[in-house]
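S.K.: for reference, the sequence and a predicted model appear below.
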Amino acid sequence: MSQAGTTGPDELALAAEFAAPERADWQQLVAGVLKKSGALPEDFTGAPESLLTSRTYDGIEIRPLYTAEDQAPPAGFPGLSPFVRGAKPEGAVGTGWEVRVLHAHPDPAVTNKAVLADLEHGAGSVWLRVDGDALPLDRLADALNEVYLDLAPVVLEAGEHYEAAANALLDLLAEKNIPDSEVVGNLGADPITLRARSGEAHQIAPAAALAARLAPKYPKLRTIVVDGLPYHEAGGSDTQELGASIAAGVAYLRALTDAGLSVDEAAAQLEFRFAATADQFLTIAKLRAARRLWSRVAEVSGAAPHGMKQHAVTSTAMLTQRDPWVNMLRTTVACFAAGVGGADAVTVLPFDAAIGQPDGFSRRIARNTQAILLEESKLSGVIDPAGGSWYVENLTDALANAAWREFTELERQGGIEAALESGALGERLADTWAQRSKRLATRKDPITGVSEFPNLTEKRIERDPLPSTVDGGGLPKVRYAQAFEQLRDRSDAYLAETGERPKVFLATLGPLASHTARAMFASNLLQAGGIEPVNPGAVEDVVAAFRESGATVACLCGSDKSYGEQANDVAAALHEAGAKTVLLAGKPAESYRGISGYAYTGCDALAVLTSTLETLGVN
């Protein structure tokens, strides 16, 4: 290297000693790994990486490698149309995103204490569910006692009583002498979500009239939330959530302009709410695509270039009741993705939110999740950190195009209200949930702590119930873990009644080395259904060990070779010794599968666990 001051950047060749890699070189390495794992058939002639390609529930291909050859439309610049890279040119640098906390406890004293604790320890705004079985509307002032409402904006969620809640909040702000021109937050009017949740028609016009009446007096206050959560929580895909949200936004734009607001004034009344999941790249791309979609709507509506106000909420569908501590990891990844994706406000739900009312500890962890990402990881210190990634840019483009097709289909059906009324949107969401349920049942979509690596001895957490956000006639609200957790509930009831778990004997064949992997597989799967595996290890007399175990169902665990040499004889002997069913663990060669059809990765594990519990008398 030349002396300091004489070397130009074009003289640095840091990789000069290495040959320039070609795609064929990478493919050869991929093929070698796939051959070792048995995933590459001998007669396979295609590109080996194609075997690693997966598809989202929207049919979007996720490839293992993206390069500069994978062109996507220009993403533009932060703060400029189409706002893919963020609604503000400075991003969240210097301020971070808004840390928004959700409160729904019916006791105003409990809510007030929790709100103050959140605000004192890092939260920046408050999302309040009021009315119904949440916080009583007439106790709003008590819940916000000693809260500096000029510093901590409030977002309301009051169902059909949004106007009364809005008046109560505005009266409280006036009592605190906060100038009308400085009032910020959102009054939470959302009749479309009311229809989606309840199945009953709720007119948009009153919400639009409220916004038109308040907009001149409160220029920084938003009145309407466009909520994508009902479509996500019904099991829908990312593009279904996006398409429905954009359709709802357009319906509100029409109503607001009919009420007398200009298109720009109408757009300024809306805040969009989206789910953030543990699939970090899809979440990042979804938020970026949403801004592009709304920019297009603003353009064709004749509005000035308009960035979308986004509120990301960690998904309730991904949360588990079993092993809820793992939810801390899920919400951390989801929060990371929401921040990288450019959300203006982020709500991290406490890890016990699927169980009931969060306690102080779970709220603290939820707050600190955001604090670590903002303050320690400096995540907001870079504007659109995913920008320029060939993968993210292509995924953003694919989501935007698929979601636009979903949106235009809803418009073709007469708009989102008509699609909800006819049931057409609900049917499409149900179809996606059926596909997702199948993948969950086969553990192709694994749930750590529930369908994979369950903790059968965990001590369950008890919490007060949460207020319901679902009314029987509307879209369902699902959780991905619910089917497996129902099996665990049955096991718990059996334990309470009999004093022991339902159990299955692991009949290990051959030496330890030949059966360990499949015994571990079977043990993991059985515990996902609340079944205790009885593993004697390597024993000389498997049938005698079975008799001593007291079990009535056995599962053969061994190598393909041991299955071929011993399975039929051992299975017959186990049946003779009292086994009601003999299962077969793993994924053996085709010729050995006739014994029971025991589930393996790719099979319907949920069905096998259900039938096994029934065989064991667990109802």
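M.R.: Cool, got the structure. Numbers count the residues shown, from 1 in each chain.
S.K.: at which residues are the strands of the stretch 301-450 of the chain located?
M.R.: In the stretch 301-450 of the chain, the strands defined using DSSP state E, counting those that start in this stretch lie at 310-314, 345-347.
S.K.: which helices and strands sit right next to the last one?
M.R.: The one in question is strand 345-347. Packing partners of strand 345-347 (3 or more Cβ pairs under 8 Å, 6 or more residues apart in numbering; DSSP states H and E): strand 98-103, strand 310-314, helix 327-341. Just so you know, the C-beta spots here come from the backbone N, C-alpha and C atoms, and that holds for glycine as well.
S.K.: and residue 91, what element?
M.R.: Under the assignment given by DSSP states H and E, residue 91 is not contained in any helix or strand.
S.K.: and for it, the neighbour number?
M.R.: Around residue 91 there are 21 other residues, counting by other Cβ atoms under 10 Å.
S.K.: can you read off the pLDDT for residue 132?
M.R.: We have a pLDDT of 83 for residue 132.
S.K.: sorry, that was for residue 592
M.R.: On the pLDDT scale, residue 592 gets 51.
S.K.: again with residue 286
M.R.: For residue 286, pLDDT reads 98.
S.K.: tell me the contacts of the nearest residue to it once chain neighbours are set aside?
M.R.: Closest residue to residue 286 apart from its sequence neighbours, by Cβ to Cβ, 6 or more residues apart in numbering: residue 238 at 5.0 Å. Each residue near residue 238 by Cβ atoms under 8 Å, 6 or more residues apart in numbering is listed here: 56-58, 282, 286, 399, 403.
S.K.: out of those residues, who's nearest residue 115?
M.R.: Nearest to residue 115 among the contacts of residue 238, counting by Cβ to Cβ, is residue 286 at 29.4 Å.
S.K.: settle this for me: the closest one is touching residue 399, isn't it.
M.R.: Yes - contact criterion Cβ atoms under 8 Å: residue 286 and residue 399 qualify, at 5.9 Å.
S.K.: just the helices and strands packed on strand 345-347: most buried one?
M.R.: strand 310-314 (a mean of 26; mean count of other Cβ atoms under 10 Å).
S.K.: now for it, which elements pack on it?
M.R.: Helices and strands touching strand 310-314, by 3+ Cβ pairs under 8 Å, 6+ apart, are strand 270-276, helix 280-301, helix 327-341, strand 345-347.
S.K.: residue 257 and residue 506: what is the separation?
M.R.: Residue 257 sits at a distance of 67 Å from residue 506 (criterion: Cβ to Cβ, to the nearest Å).
S.K.: oops, could you answer that again for residue 193 instead?
M.R.: In terms of Cβ to Cβ, residue 193 sits 49 Å off from residue 506.
S.K.: which one's more surrounded, these two?
M.R.: Neighbours were counted for residue 193 and for residue 506 using other Cβ under 10 Å; residue 506 has more, 28 against 25.
S.K.: for the stretch 501-619 of the chain, what spans make up the strands?
M.R.: Using DSSP E, counting those that start in this stretch, strands in the stretch 501-619 of the chain cover 503-508, 532-534, 553-557, 581-584.
S.K.: among the ones you listed, which is the most enclosed?
M.R.: Comparing these by mean neighbour count (mean count of other Cβ under 10 Å), strand 553-557 comes out on top with a mean of 29.
S.K.: before we move on, back to that, so which of the contacts of residue 238 wins on neighbours?
M.R.: Most neighbours among those, by other Cβ under 10 Å: residue 286, with 29 neighbours.
S.K.: buried ones in stretch 81-96?
M.R.: For stretch 81-96, burial by neighbour count (16 or more other Cβ atoms under 10 Å) applies to 81-88, 91-92, 96.
S.K.: okay if I get the helices and strands packed on strand 310-314 as a markdown table plus distance to residue 160?
M.R.: Formatted as a markdown table, the helices and strands packed on strand 310-314 follow (distance: least, Cβ to Cβ, whole Å):
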| stretch | distance to residue 160 |
| --- | --- |
| strand 270-276 | 18 |
| helix 280-301 | 26 |
| helix 327-341 | 29 |
| strand 345-347 | 23 |
